[in-house]
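Chemist: Got a predicted structure here, sequence first:
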Amino acid sequence: MDDLIKRAAEDLALANNVVALTGAGISVESGIPPFRGKGGIWEKFDPMEFAHIDAFMKDPAKVWNVLIKEMKDIVDTAKPNDGHLGLAKLEELGILKTVITQNVDGLHQDAGNTDVIEFHGNFAWQKCMTCDKRMETINVSMSQIPPRCECGGILRPECIFFGEMIPPNHLLRSRQVASQCDIMLVVGTSAIVQPASFMPVISKQSGAKVIEINPEKTPLTGNISDYLIMGKAGPVMKQIIEELEPLL
């Protein structure tokens, strides 16, 4: 693994335009459970009952009480880990340009990344369904369920519910940056959920190197990715940054 960390640092030192694609694996290390898979949120809740836009519109109090309240408690206390901080450091060094994320926790922005495309929106902000005013989730009072804006409108998280479209501009920009980068870093994602999982394919077809950082192999491994560094996002990113800085 040390050889691959060194190789990643050398590749990144020569790169001018790096894009990262991140998934639940990077945020698990900050105490945020994944939605899918073992120990995931969908093991506890039926997404069609609690995470579909129709369910929210029909009974917002029920969805707030069961799903959003729990997510608020988690997101309010979560802090960026070395995986997020490593990507922020790559931006600070002028190497990383954009993060495309499937996560809804806002931790990339908290860490310091400034250009983050959130495929599924985020739980860190709420929006009034009547007047469109935005409010940080951490500042939302839970004294009334569902919480309301000062105008009386119901607040909803700025995440994409099942039954809602990924914003077309997010998809368009993701495709653009994926096709223009010289390295695509795939960090903590199983690469099975479309359309995010197609972004490394676009990068590869456009001539970029694809570097995977994941605890296990994915459909990209040995097929689309040039190499896989097997491990958790935090420790691996920390080591890459330590190897990289002396090269710059």
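Modeler: Arrived safely, thanks for sending. Numbering: from 1, shown residues only.

Chemist: burial measure for Phe162, as a count.
Modeler: Phe162: 13 surrounding residues under other Cβ atoms under 10 Å. Any C-beta I mention is one placed from the backbone N, CA and C, and that applies to glycine too.

Chemist: Likewise for Lys58?
Modeler: Lys58, neighbours per other Cβ under 10 Å, totals 10.

Chemist: For the protein, which helix or strand comes out least confident on mean pLDDT?
Modeler: Ranking every helix and strand in the chain by mean pLDDT, DSSP states H and E puts helix 41-44 at the bottom, with a mean of 66.

Chemist: Which helix or strand lies directly C-terminal to that helix?
Modeler: helix 47-50 (DSSP states H and E).

Chemist: Now that next one: buried residues?
Modeler: Counting neighbours by 16 or more other Cβ atoms under 10 Å, one finds that the buried residues in helix 47-50 are Phe50.

Chemist: Can you name the residues in contact with whatever helix or strand comes next after that helix?
Modeler: Next helix or strand after helix 47-50 toward the C-terminus (DSSP H and E): helix 53-58. Identification of contacts with helix 53-58 by Cβ atoms under 8 Å, 6 or more residues apart in numbering yields Met48, Glu49, Lys62, Val63, Arg156, Phe161, Phe162, Gly163, Glu164.

Chemist: What is the neighbour count of the nearest residue in space to Tyr227 that is not next to it in sequence?
Modeler: Counting by Cβ to Cβ, 6 or more residues apart in numbering, the nearest residue to Tyr227 once its immediate chain neighbours are dropped is Leu4, at 5.9 Å. Using other Cβ under 10 Å, Leu4 has 17 other residues around it.

Chemist: again, but for Ser141
Modeler: 9.

Chemist: Surely it touches Pro147?
Modeler: Yes. Using Cβ atoms under 8 Å, Ser141 is in contact with Pro147, at 6.3 Å.

Chemist: Now do the buried residues in stretch 62-82.
Modeler: Neighbour-count burial for stretch 62-82 [16+ other Cβ under 10 Å]: Val63, Trp64, Leu67, Ile68, Met71, Lys72, Ile74, Val75, Ala78, Pro80, Asn81, Asp82.

Chemist: would you turn the contacts of helix 53-58 into JSON lines with distance to Ser30?
Modeler: Putting these into JSON lines (distance: Cβ to Cβ, whole Å) gives the following:
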{"residue": "Met48", "distance to Ser30": "27"}
{"residue": "Glu49", "distance to Ser30": "27"}
{"residue": "Lys62", "distance to Ser30": "28"}
{"residue": "Val63", "distance to Ser30": "24"}
{"residue": "Arg156", "distance to Ser30": "24"}
{"residue": "Phe161", "distance to Ser30": "23"}
{"residue": "Phe162", "distance to Ser30": "24"}
{"residue": "Gly163", "distance to Ser30": "28"}
{"residue": "Glu164", "distance to Ser30": "25"}
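
Chemist: Done for today, thanks.
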